[in-house]
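Enquirer: sequence first, then the predicted structure, then my questions.
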Amino acid sequence: MTKRTFLITGVSSGLGRAFARGALAAGHTVVGTVRGAGDLEAFEALAPGRAHGRQLDVTDDAAVFSVVAEAERTVGPIDVLIANAGYGHEGVFEESSMAELRAQFDANVFGVAATVHAVLPGMRERRSGHVFAVSSMGGLMSVPGLSYYCASKYAVVGMMEALAKEVAGLGVRVTVIEPGSFRTAWAGRSMVRSERSIADYDELFAPIRDAREAASGNQLGDPDKAAEAVLRVLGAEKPPVHLVLGSDALRLVANGRAAVDADIEAWQELSRSTDFPDGHQIAAN
């Protein structure tokens, strides 16, 4: 495999750390971003000379552009982006504040968008590059108690799916990573949880929260195998736009999409009834 320069956001732990370890083990160079200065040395020790740490808060647009420009100037052009940085928010919609929603989108959506914006001009000009954005199985289906998180991950899926069509003829590839439950700290210390306040949701949500906390650290997915899967996609002749990872994700996404298909089928007559008889059809993609 051709040796490439990666930019991976959020490499301190979890999937981001696994993606970085996998890329470094394969001989690639990785510019990895961390939130805290204390994590820089540990990351660079993974592969001295090829692991380049940068401190970055992806919710700071100006900092994102500055870090990417500096990395491309001092390390080299970014061949592969993995926009991974983000976090989970758990809470029933009615119990979760608007401030929590904005913070979730700042990290999970706008942070991804800023990072892609920063690397895309160079990739387009070189007619080469691969953009990976980490969404979730929660970007293709939803579960109670993760409404804000799922909303942010649905937004990433829609944004990147459209981008993939825009750059398809420009040599730039786009893949949305949609993982299931992996053995990371996502459901533990990395999860922001809204305070419970409305008893009407106890019966529905209390067992869900308890089960998620109990499962933390025992999830089905292996982060290192996720990194191997991403590297396989990178070398594919026709990489997917959607990369679902994990058997749990396959099952839950299929069930969620089947529910949407059932609604479309059941209500298609009503759907068609809203057309003007002389209207123009939307061009096919």
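Expert: Thanks, I have it.
Enquirer: need the contact list for V11.
Expert: Shown in contact with V11 (CB atoms under 8 Å, 6 or more residues apart in numbering): 17, 19-20, 30, 32-34, 39, 43, 53, 84. All C-beta spots, glycine's among them, are computed from the backbone N, C-alpha and C.
Enquirer: again with T175
Expert: By CB under 8 Å, 6+ apart, T175 lies in contact with 130-133, 164, 233, 239-243.
Enquirer: using the three-state scheme, assign it.
Expert: strand (DSSP: H, G, I helix; E, B strand; the rest coil).
Enquirer: partners of it in the sheet?
Expert: F132 (DSSP bridges).
Enquirer: any idea how far A155 is from it?
Expert: Separation of T175 from A155 (CB to CB, to the nearest Å) stands at 17 Å.
Enquirer: please apply the same query to V134.
Expert: 13 Å.
Enquirer: more crowded one of the two?
Expert: V134 (29 against 19; other CB atoms under 10 Å).
Enquirer: okay, helices next: where are they in the stretch 151-285 of the chain?
Expert: With DSSP state H, counting those that start in this stretch as the criterion, the stretch 151-285 of the chain has helices at 202-215, 223-234, 247-266, 268-272.
Enquirer: ok now do A23, which residues does it touch?
Expert: If you count contacts by CB under 8 Å, 6+ apart, then A23 has 6, 8, 30, 80, 227, 231 around it.
Enquirer: ok, so of these, who is nearest T274?
Expert: V80 (43.8 Å; CB to CB).
Enquirer: that older thread, among the contacts of V11, which ones are in helices?
Expert: 17, 19-20, 43 (DSSP state H).
Enquirer: mind listing the strands for the stretch 51-200 of the chain?
Expert: With DSSP state E, counting those that start in this stretch, the ranges of strands along the stretch 51-200 of the chain come out as 51-55, 80-83, 88-90, 129-134, 172-179, 191-193.
Enquirer: how far out from the middle of the chain is the fifth one?
Expert: Right, strand 172-179. Relative to its chain's centre, strand 172-179 lies at 8 Å (CA atoms, centre = their mean, to the nearest Å).
Enquirer: okay, the angle between it and helix 247-266?
Expert: For strand 172-179 against helix 247-266, the angle by axes from the mean of the first three to the mean of the last three CA atoms, to 10 degrees is 100 degrees.
Enquirer: and S128, how far from T5?
Expert: S128 is 12 Å from T5, by CB to CB.
Enquirer: from memory M123 sits against I78, does it?
Expert: Yes: with contacts counted by CB atoms under 8 Å, M123 reaches I78, the gap being 7.3 Å.
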